[in-house]
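In: any chance you could fold what I've pasted below:
(2 chains)
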2 protein chains.
Amino acid sequence: MRAWILSIGNELLIGKTINTNAAWLARKLTVLGYEVRREISIPDEDAEEIEVFRDALSRGIELIVSTGGLGPTFDDKTSESLAKALNREYVVNDEALNLVKAKFLEKGLELTPPRLKQAMMPRGAEAIPNPVGTAPGIWVREGQSIIVALPGVPAEMQGMFEEHVEPRLMSIGPRPRFVEASFTVKGVPEAEAAPIIEKAMRMGNRVYIKSHPKGHEIGSPFLEIHVYASSSNEEEARMEVERTVNYLREELRRRGGDVE
Amino acid sequence: MRAWILSIGNELLIGKTINTNAAWLARKLTVLGYEVRREISIPDEDAEEIEVFRDALSRGIELIVSTGGLGPTFDDKTSESLAKALNREYVVNDEALNLVKAKFLEKGLELTPPRLKQAMMPRGAEAIPNPVGTAPGIWVREGQSIIVALPGVPAEMQGMFEEHVEPRLMSIGPRPRFVEASFTVKGVPEAEAAPIIEKAMRMGNRVYIKSHPKGHEIGSPFLEIHVYASSSNEEEARMEVERTVNYLREELRRRGGDVE
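Out: The predicted structure is shown next:
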């Protein structure tokens, strides 16, 4: 199953922002079993957005994930452009409206037209809750393609992907074999573990690593490290997880970590 | 004048590498006065490469810069793909052959077929010397388009761009108004100045900053900071340079720098 990653935002095209979203999503989609065929960055312009969405749809790309252009301002056009690319009406989505209303009520803010705009989606789309910001994401199917539109702010994008998009793709996507493993380490702060984890991810192709801080024990930081890998071949995934876990354990021990 | 940036390499599409090349080039091209319209990452596959080069050429994009796929291995296909996209023969380029020969002779290495491959280019192309690695870059014109193909290794790509591509584009490109300014600072190591410089670049849109270490004076690091900006409006460029220089001077002073 093929995937395209579409990054929308002028800041990318003037080199103001390094596109970490595309790399993060590419790793996630690869581990989910997708073959990422193309990553495209375009400015915040409806004609560009419509063209690229249509290009991917006309090729029957199975998964199209976009980031950016979902905010309240006039130059956030992704949702409307997607409706046009799909030849669908651009309408208030009830789910999205409830999510947006709840967000603004919670903050005691009025539902102004720019804010209401964040509840508008192509007809037939589903809203993806945003745990961090206000703009819901979009999940919509067209023929054999699934299109997922997420905000460009990395924390929002990642939270929404991990909470809502990833579990769904795991159940309906390419279904590779997943192998996972966890272990805990005491005495290494998360900030010190981060570059080791990044290096371990770069060493493998289909492995993903996440660290969860589990608090402090007698003043010593306590991390849970979760490693997972996917492959069409289960043995391969198992070996990748094993190799990665061994590397991490050794490196964390060298930093004085008490590894279990 | 429009520009496209094409990044070639499987490592980008599995999220193993963050595409810093595209951001670096986007900033450089923006400051040179180009409007970067699209950044595309594709795998090391000739069909993909040919398609994207042809797409850009058929739109008459004035500048197409690619990175990656110029090495000696079987999966480095950029040069041959570019020849196909241009409907030109793929031939040994004399300039490139001299550059490649000199590189390998210097290292006392034989000119094997994979190494010779790095001297093959579309007919009519010019070779761009590579100060760091062995693969020359490619400069070729087709109609109103200039195509520049550079290696994917950031140090090689940047060196070749700054030494050979940038000066040439400055003389034949969009010719915006350039404004520049320099100052020196003593007592702040380059590694400490780097994040301040990065922040200052992110604050401006058409400004570029470079630091040159000028050695140590009585054990104290000595840096020359060079700031330049471009705009169709000279006053705008001047203001951007001034704002950036003021910000840098203040931040460097706060780090204990002796700013002149």
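In: how about the strands in chain A?
Out: A:2-8, A:35-42, A:63-67, A:90-92, A:120-122, A:126-128, A:137-142, A:145-150, A:177-186, A:207-217, A:220-231, A:258-259 (DSSP state E).
In: got the residues of chain A near chain B?
Out: Applying C-beta under 8 Å from any C-beta of the partner chain, we find that chain A lies next to chain B at A:7, A:12-20, A:22-30, A:36-43, A:48, A:201-202, A:205-206. All C-beta spots, glycine's among them, are computed from the backbone N, C-alpha and C.
In: of the residues you listed, buried ones?
Out: Among these, those that count as buried by neighbour count (16 or more other C-beta atoms under 10 Å in any protein chain shown) are A:7, A:12-20, A:22-30, A:36-43, A:48, A:201, A:205-206.
In: among those, which are located in helices?
Out: In this view, those that belong to helices under DSSP state H are A:12-13, A:20, A:22-30, A:48, A:201.
In: pLDDT added to those residues, as a markdown table?
Out: Shown next, in a markdown table, are those (pLDDT from 0 to 100):
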| residue | pLDDT |
| --- | --- |
| A:12 | 95 |
| A:13 | 95 |
| A:20 | 97 |
| A:22 | 98 |
| A:23 | 97 |
| A:24 | 97 |
| A:25 | 98 |
| A:26 | 96 |
| A:27 | 95 |
| A:28 | 95 |
| A:29 | 96 |
| A:30 | 94 |
| A:48 | 97 |
| A:201 | 88 |
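In: which of those sit farthest apart?
Out: The span of these, defined through C-beta to C-beta, is set by A:48 and A:201 at 31.5 Å.
In: circling back to that earlier point, got the ones in helices among the buried ones among the residues of chain A next to chain B as CSV, with distance to residue B:161 columns?
Out: Formatted as CSV, these follow (distance: C-beta to C-beta, whole Å):
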residue, distance to residue B:161
A:12, 19
A:13, 17
A:20, 22
A:22, 22
A:23, 22
A:24, 27
A:25, 28
A:26, 25
A:27, 28
A:28, 31
A:29, 31
A:30, 30
A:48, 25
A:201, 29
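In: pull out the buried residues from the longest helix along chain A.
Out: Among the segments of chain A that qualify as a helix by DSSP H, the longest is helix A:234-254. Going by neighbour count (16+ other C-beta under 10 Å), the buried part of helix A:234-254 is A:236, A:237, A:240, A:241, A:243, A:244, A:245, A:247, A:248, A:249, A:251, A:252.
In: what do you get for stretch A:93-101?
Out: Residues A:93, A:96, A:97, A:99, A:100 are the ones in stretch A:93-101 that count as buried (16+ other C-beta under 10 Å).
In: nearest to chain B among the buried residues of helix A:234-254?
Out: Distances from chain B to these, taken as C-beta to the nearest C-beta, are shortest for residue A:240 (12.8 Å).
In: so how far is residue B:18 from the closest one?
Out: 21 Å (C-beta to C-beta, to the nearest Å).
In: okay, now the unreliable bits of the stretch 151-260 of chain A?
Out: A:216-219 (pLDDT under 70).
In: quick one, what contacts the nearest residue to residue A:152 once chain neighbours are set aside?
Out: Of all residues not flanking residue A:152 in the chain, residue A:68 sits nearest, at 3.3 Å (C-beta to C-beta, 6 or more residues apart in numbering or on different chains). Taking C-beta atoms under 8 Å, 6 or more residues apart in numbering or on different chains, we find residue A:68 in contact with A:7, A:8, A:9, A:21, A:44, A:78, A:151, A:152.
In: now with 10 Å, please.
Out: Residue A:68 makes contact with A:6-12, A:17, A:21, A:41-42, A:44, A:49, A:76, A:78, A:149-153, A:157, according to C-beta atoms under 10 Å, 6 or more residues apart in numbering or on different chains.
In: ok, the nearest residue to residue A:29 once chain neighbours are set aside - how many residues close by?
Out: Leaving out its chain neighbours, the residue that sits closest to residue A:29 by C-beta to C-beta, 6+ apart is residue A:3, at 4.9 Å. Residues lying near residue A:3 (other C-beta atoms under 10 Å in any protein chain shown) number 29.
In: residue A:3 pairs with what?
Out: residue A:36, residue A:63 (DSSP bridges).
In: separation between it and residue A:40?
Out: Distance, residue A:3 to residue A:40, by C-beta to C-beta: 12 Å.
In: ok, residue A:88 next?
Out: Residue A:88 sits 22 Å away from residue A:40, going by C-beta to C-beta.
In: ok, now residue A:176?
Out: Per C-beta to C-beta, residue A:176 is found 25 Å from residue A:40.
In: most packed of the strands of chain A?
Out: Stretch with highest mean neighbour count among the strands of chain A: strand A:63-67 (a mean of 28; mean count of other C-beta atoms under 10 Å in any protein chain shown).
In: tell me which residue in the stretch 51-200 of chain A sits closest to chain B.
Out: Residue nearest to chain B within the stretch 51-200 of chain A: residue A:52 (8.6 Å; C-beta to the nearest C-beta).
In: so what's that residue up against?
Out: Contacts of residue A:52 (C-beta under 10 Å, 6+ apart): A:4, A:6, A:8, A:38, A:40-42, A:64, A:66, A:81, A:85, B:38, B:40.
In: let's see that with 8 Å instead.
Out: Listed by C-beta under 8 Å, 6+ apart, the contact partners of residue A:52 are A:6, A:40, A:42.
In: then residue A:259?
Out: So residue A:259 contacts A:183, A:184, A:185, A:249, A:252, A:253 (C-beta under 8 Å, 6+ apart).
In: any chance of TSV for the residues you listed, columns distance to residue B:115?
Out: As requested, the contacts of residue A:259 are exported to TSV (distance: C-beta to C-beta, whole Å):
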residue	distance to residue B:115
A:183	45
A:184	50
A:185	46
A:249	41
A:252	42
A:253	43
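In: what is the nearest of those residues to residue B:131?
Out: residue A:252 (39.3 Å).
In: which residue packs closest to the closest one, ignoring adjacent ones?
Out: Spatial nearest neighbour of residue A:252, excluding adjacent residues (C-beta to C-beta, 6+ apart): residue A:185 at 4.8 Å.
In: is the one you found bridged to anything, and to what?
Out: residue A:223, residue A:259.
In: correct me, but it touches residue A:260?
Out: Yes - here residue A:185 lies in contact with residue A:260, judged by C-beta atoms under 8 Å, at a distance of 7.4 Å.
In: what about the residue lying closest to residue A:91 once chain neighbours are set aside, how many residues nearby?
Out: In space, and not counting its chain neighbours, residue A:91 is closest to residue A:123: 5.2 Å by C-beta to C-beta, 6+ apart. Neighbours of residue A:123 under the rule other C-beta under 10 Å: 12.
In: now do the contacts for residue A:240.
Out: Contact analysis of residue A:240 by C-beta under 8 Å, 6+ apart lists A:179, A:204, A:205, A:206, A:207, A:229, A:231.
In: switch to 7 Å and redo it
Out: Contact analysis of residue A:240 by C-beta atoms under 7 Å, 6 or more residues apart in numbering or on different chains lists A:204, A:206, A:207, A:229.
In: where's it relative to residue A:27, distance?
Out: Using C-beta to C-beta, one gets 13 Å for the distance from residue A:240 to residue A:27.
In: same check, this time on residue A:76
Out: Counting by C-beta to C-beta - residue A:76 and residue A:27 are separated by 26 Å.
In: try residue A:194
Out: Relative to residue A:27, residue A:194 is positioned 15 Å away (C-beta to C-beta).
In: skip the chain neighbours and tell me the closest residue to residue A:240.
Out: The shortest distance from residue A:240 to any non-neighbouring residue, by C-beta to C-beta, 6+ apart, is to residue A:229 (4.1 Å).
In: what's near enough to touch the closest residue to residue A:255 other than its chain neighbours?
Out: Distances taken as C-beta to C-beta, 6+ apart place residue A:188 nearest to residue A:255, at 5.1 Å, with adjacent residues excluded. Applying C-beta under 7 Å, 6+ apart, we find residue A:188 in contact with A:221, A:223, A:252, A:255, A:256, A:257.
In: list the contacts for the fifth one?
Out: Yep, that's residue A:256 we're talking about. With contact set as C-beta under 7 Å, 6+ apart, residue A:256 has these partners: A:187, A:188.
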